[in-house]
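Colleague: Here's my sequence, what's the structure:
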Amino acid sequence: MERTRRTRDFCADWLLQVLAENGPMKVSDIVEAAKEQGYSRAMVFRVREMLQDVVVNTLGYRHPDNCWRREVTDGN
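Modeller: Residues are numbered from 1 along each chain as shown. Predicted coordinates:
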């Protein structure tokens, strides 16, 4: 369980960094880039759920052109 938690934390850091560097991205592109880093699609979606206040949808999760973006707040 500790390994899964660490992997999830690394994936969360990676996702936040990718969105900070690239701006909004299509979910399919994020998943593809994550796979290149060794993260599964399921892991990416678990991390997205964990970061629901920081990583947000641009058009609604069912919209075909939806992207994820990093919500920038004073604390981030």
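Colleague: so what's residue 26 up against?
Modeller: By CB atoms under 8 Å, 6 or more residues apart in numbering, the residues touching residue 26 are 65-67. C-beta here means a position set from N, CA and C on the backbone, and glycine is covered the same way.
Colleague: same thing but 7 Å
Modeller: By CB atoms under 7 Å, 6 or more residues apart in numbering, the residues touching residue 26 are residue 67.
Colleague: Find the nearest non-adjacent residue to the residue nearest the centre of the chain, please.
Modeller: Nearest to the mean C-alpha position of the chain, counting by CA atoms, centre = their mean, stands residue 15 at 4.3 Å. The shortest distance from residue 15 to any non-neighbouring residue, by CB to CB, 6 or more residues apart in numbering, is to residue 47 (5.7 Å).
Colleague: Secondary structure element for residue 68, which one?
Modeller: strand 67-70 (DSSP states H and E).
Colleague: pLDDT at residue 72, what is it?
Modeller: Looking at residue 72, its pLDDT stands at 81.
Colleague: Let me see the backbone angles for it.
Modeller: phi -90, psi 120 (degrees, to the nearest 10).
Colleague: tell me, how many neighbours does it end up with?
Modeller: The number of residues packed near residue 72 is 10, by other CB atoms under 10 Å.
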